[in-house]
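Student: Generate a structure from the sequence data that follows.
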Amino acid sequence: MTGRPVTVAALYKFTPFADPAALRDPLLAACEELGIFGTLLLAREGINGTIAGGENAIAAILGQIRALPGCAALEVKFSHADAMPFHRMKVRMKREIVTMGEPDIDPTASVGTYVEPQDWNALIADPDTVVIDTRNDYEVAIGTFRGAVDPHTASFRDFPAWFRTHRDELLEGRKRVAMFCTGGIRCEKSTAFLKAEGVEEVYHLKGGILKYLEQTPAAQSSWEGECFVFDERVAVGHGLAQGSYGLCRACRYPLSEADRAVPAFVEGVSCPHCIEQRDEAQRARYAERQKQEDLARRRGVAHVGARMLDQ
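Tutor: Alright, predicted model coming up:
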């Protein structure tokens, strides 16, 4: 037992669902009955999401998800929190469970070679390996592996075009590519994509950054900074302890303590990253939303209009 009462489960599985819409309502009902909060995404290619609840409730819902077609080997990363990191439960229908926009890429047919966390440091330290962070720019900004290439992409959909543009310089003099992401799901598609592009030696971190931070002591780690997560914890560090970052509710950019100490930061309204990108009318709406959230918090209830992190 960790002493923290809330179990958080980040999960995914690529598997063909003939009728994912038929799975939505029963799954939502089961989560609500068990008191589970978070977001699950369903598509014809499988399931993805992060959910949180009591230990027994999470075990029960994972049992139900594993009973879905092809989900017996569901990939799950566990962590714990002192308080519920979500305000509601959502089960959403999507075209893709992680959006890359390459319809011919099938992670169930071909992916890169998995690398266990204990073997990752040696692989990325090899000068013959180019290491690529497949996450978005705001995620990379608060932490990444030492020496990793940052694509500076605003969304995962931008990754294929970025790789095709920079392929020659990335692979020049290198024998292999190693990629990583938060929990492993983006690398399922990005490694499948690179193999479809003709790259032969492609590797990815099994279980993603979360599994690495869970298993690797800080003194032996090649990770620098914190790892952004898509819930109210915002970021975690080694041992999956909650990090130091907050969140701008206007632009949803992770904020350091220094970011929150400048005049541009107004709780729920603006931060240094978006102060020049929003007009007065937008900031007025954000201020009213923040006022309503503050009032709801003082009454001890969740504000129904609270802006949550998307998965």
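Student: confidence score at residue 296?
Tutor: With respect to pLDDT, residue 296 scores 81.
Student: If you could redo that for residue 5, that was the one I meant.
Tutor: pLDDT, read off for residue 5, is 92.
Student: next one: phi and psi at it?
Tutor: As for residue 5, its main-chain torsions (degrees, to the nearest 10) stand at phi -80, psi -20.
Student: Equivalent analysis for the one 4 residues further on, please.
Tutor: According to degrees, to the nearest 10, the main-chain angles of residue 9 amount to phi -120, psi 120.
Student: That one against residue 50, yeah?
Tutor: Yes - under the criterion of CB atoms under 8 Å, residue 9 makes contact with residue 50 at 7.0 Å. Backbone N, C-alpha and C define where each C-beta goes, glycine included.
Student: Looking at those two, which is more packed in?
Tutor: Neighbour totals were compared for residue 9 and residue 50, and residue 50 leads with 25 against 21 (other CB atoms under 10 Å).
Student: gap between that one and residue 31?
Tutor: According to CB to CB, to the nearest Å, residue 50 stands 12 Å off from residue 31.
Student: Give me the common contacts of these two.
Tutor: Shared contacts of residue 50 and residue 31, defined by CB atoms under 8 Å, 6 or more residues apart in numbering, comprise residue 38.
Student: which residues sit in contact with the residue lying closest to residue 221 once chain neighbours are set aside?
Tutor: Spatial nearest neighbour of residue 221, chain neighbours left out: residue 238 (6.4 Å); criterion: CB to CB, 6 or more residues apart in numbering. Residues in contact with residue 238 (CB under 8 Å, 6+ apart) are 213, 216-218, 221, 223.
Student: Residue 159: which of these is nearest?
Tutor: Nearest to residue 159 among the contacts of residue 238 is residue 223, at 21.0 Å by CB to CB.
Student: any idea how far residue 61 is from the closest one?
Tutor: Applying CB to CB, the value for residue 223 to residue 61 is 30 Å.
Student: thinking again about what came up before, the contacts of residue 238 in strands, which ones?
Tutor: Members of the contacts of residue 238 lying in strands (criterion: DSSP state E): residue 223.
Student: ok, which pair from the contacts of residue 238 is furthest apart?
Tutor: Greatest spatial distance among those (CB to CB): 217 and 223, at 10.9 Å.
Student: These two: who's more crowded?
Tutor: Between residue 217 and residue 223, counted using other CB under 10 Å, residue 223 has the larger neighbour count: 21 against 8.
Student: just checking, the more buried one touches residue 216?
Tutor: Yes - counting by CB under 8 Å, residue 223 does reach residue 216; the two are 7.4 Å apart.
Student: Residue 47 belongs to a strand?
Tutor: Yes - applying DSSP: H, G, I helix; E, B strand; the rest coil, one finds residue 47 inside a strand.
Student: Skip the chain neighbours and tell me the closest residue to it.
Tutor: Counting by CB to CB, 6+ apart, the nearest residue to residue 47 once its immediate chain neighbours are dropped is residue 13, at 5.5 Å.
Student: Convert the strand or helix carrying that neighbour to PDB, retaining C-alpha atoms only.
Tutor: Using DSSP states H and E, residue 13 falls within strand 6-14. The C-alpha trace of strand 6-14 is given here as PDB (Å, rounded to 0.1, in the frame of the first residue of the first chain):
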ATOM      1  CA  VAL A   6      -6.700   7.000  -5.000                       C
ATOM      2  CA  THR A   7      -5.400   4.500  -7.600                       C
ATOM      3  CA  VAL A   8      -4.800   6.000 -11.100                       C
ATOM      4  CA  ALA A   9      -4.700   3.700 -14.100                       C
ATOM      5  CA  ALA A  10      -3.400   4.800 -17.500                       C
ATOM      6  CA  LEU A  11      -4.400   2.100 -20.000                       C
ATOM      7  CA  TYR A  12      -4.500   1.300 -23.700                       C
ATOM      8  CA  LYS A  13      -4.900  -1.600 -26.100                       C
ATOM      9  CA  PHE A  14      -4.800  -1.600 -29.900                       C
END
